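Undergrad: The amino acid sequence is not available; the structure is as follows:
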């Protein structure tokens, strides 16, 4: 019961902020123009600053675990490549490929990860190490897949070149790599700039959630209910079922196992909607997947936590 209440406390507030965004759009307080500008602000300013701060303040030398880093990076690569290949082959509507793969593979680790582990154990454990291992790859693969999927799919040398350029100039990726030297060299950010960074970073999640809710279109979402449900099942059930046994085999437990669970089975990150909208992909499908995974994750995460506790792994 405690796990269920905790999961509700972690996910329901996020869902309610998205509902508020939807209501504000319906009553006319949020216009299309406002949502477009807010999208750009989150994508180009707030999220890069948030990830810069999180990476810069992570101590990569504390409790470093090479097998854990390799597991997180390897699983991320397999998830994205496997889903991309299967979706590109099986999905008839190629304009949905990028949004579907992102929705099915990309977790809300930066928003929920550290908070989730801290609520269970009192400290973040190896969650920052998981974020550093997985989040850059999440973003690189997302940019590449969204580039190839934009406008129904592009191929050839020009598409590869465009994907490489998009990776190099993606604001979120730039924010992550800008934070790495601060972490690796243990450089402390002075108080005044840090307070400014904190202020900007604190706007990323609430504005992104409001914009996701505002972008949710009921009629269009119903038209795309099958891919939405499929991505949700993959995200919350299939990926944890597939990759958690490997984590058990490698001997992970405690904070390591909870961090892995968040990487695999937490709801789809709001960043996927922001990037889909900004890279000419299916924003409606992204929004629908985020809403449904967030709504159902309180139940599925509770189930996974209960199972791991029964197995005495956490």
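TA: Arrived safely, thanks for sending. As the structure is a prediction and not an experimental result, all values here were calculated from the model.
Undergrad: CA atoms for contacts and neighbours, from now on please.
TA: Fine.
Undergrad: thought residue 140 was touching residue 173?
TA: Yes. Using C-alpha atoms under 8 Å, residue 140 is in contact with residue 173, at 7.2 Å.
Undergrad: Name the residue in these two with the higher neighbour count.
TA: More crowded of residue 140 and residue 173, by other C-alpha atoms under 10 Å: residue 173, with 23 against 18.
Undergrad: which helices and strands sit right next to the one helix or strand that one maps to?
TA: Secondary structure from DSSP states H and E places residue 173 in helix 171-184. Packing contacts for helix 171-184, counted by 3 or more C-alpha pairs under 8 Å, 6 or more residues apart in numbering; DSSP states H and E, involve helix 47-56, helix 127-149.
Undergrad: tell me the most buried of the ones you listed?
TA: helix 47-56 (a mean of 25; mean count of other C-alpha atoms under 10 Å).
Undergrad: what angle sits between that helix and helix 127-149?
TA: 150 degrees (axes from the mean of the first three to the mean of the last three C-alpha atoms, to 10 degrees).
Undergrad: Please state the offset of helix 47-56 from the chain centre?
TA: 14 Å (C-alpha atoms, centre = their mean, to the nearest Å).
Undergrad: And for it, what's in contact with it?
TA: Residues from elsewhere that reach helix 47-56 (C-alpha atoms under 8 Å, 6 or more residues apart in numbering): 110, 128, 132, 171-183, 187, 197-198, 200-202, 204-205.
Undergrad: Following that helix in sequence, what is the next regular element?
TA: Next helix or strand after helix 47-56 toward the C-terminus (DSSP H and E): helix 66-90.
Undergrad: and that next one, which residues are buried?
TA: Within helix 66-90, the residues that count as buried by 16 or more other C-alpha atoms under 10 Å are 68-69, 71-73, 75-76, 79-81, 83-84, 87-88.
Undergrad: picking that back up, pipe the helices and strands packed on helix 171-184 into TSV and attach distance to residue 210 per row.
TA: Shown next, in TSV, are the helices and strands packed on helix 171-184 (distance: least, C-alpha to C-alpha, whole Å):
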stretch	distance to residue 210
helix 47-56	14
helix 127-149	21
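Undergrad: Would you single out the least confident of those?
TA: Among the helices and strands packed on helix 171-184, helix 127-149 has the lowest mean pLDDT, at a mean of 80.
Undergrad: Show me what it is packed up against.
TA: Using 3+ C-alpha pairs under 8 Å, 6+ apart, helix 127-149 sits against helix 66-90, helix 97-105, helix 114-121, helix 156-169, helix 171-184, helix 255-265.
Undergrad: Report the angle between that helix and helix 97-105.
TA: 160 degrees.
Undergrad: helices and strands of the protein: which one has the lowest mean pLDDT?
TA: Across the helices and strands of the chain, the lowest-confidence element by mean pLDDT, DSSP states H and E is helix 114-121, at a mean of 63.
Undergrad: was I right about residue 15 contacting residue 292?
TA: No. Contact criterion C-alpha under 8 Å: residue 15 and residue 292 do not qualify, at 9.1 Å.
Undergrad: Of the two, which one has the most company?
TA: residue 15 (20 against 17).
Undergrad: any idea which helix or strand comes after the helix or strand where that one lies?
TA: Take DSSP H and E as the rule and residue 15 turns out to sit in helix 2-26. Per DSSP H and E, the first helix or strand lying C-terminal to helix 2-26 is helix 32-41.
Undergrad: for the record, mean pLDDT for that following helix?
TA: 89.
Undergrad: tell me the angle the top helix by length along the chain makes with helix 97-105.
TA: When the chain is parsed with DSSP state H, its longest helix is helix 283-310. Here helix 283-310 points in a direction 20 degrees away from that of helix 97-105 (the same axes, to 10 degrees).
Undergrad: Name the residues of helix 283-310 that come out as buried.
TA: 283-302, 304-306, 308.
Undergrad: Which other helices and strands does it contact?
TA: Counting by 3+ C-alpha pairs under 8 Å, 6+ apart, helix 283-310 packs on helix 2-26, helix 97-105, helix 204-214, helix 218-223, helix 225-233, helix 255-265, helix 271-278.
Undergrad: Residue ranges in the stretch 151-300 of the chain under the pLDDT threshold?
TA: 151-157, 159, 218-223 (pLDDT under 70).
Undergrad: that older thread, make a markdown table out of the helices and strands packed on helix 283-310 and add distance to residue 35.
TA: What follows is these, written out as a markdown table (distance: least, C-alpha to C-alpha, whole Å):
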| stretch | distance to residue 35 |
| --- | --- |
| helix 2-26 | 9 |
| helix 97-105 | 19 |
| helix 204-214 | 6 |
| helix 218-223 | 17 |
| helix 225-233 | 22 |
| helix 255-265 | 28 |
| helix 271-278 | 11 |
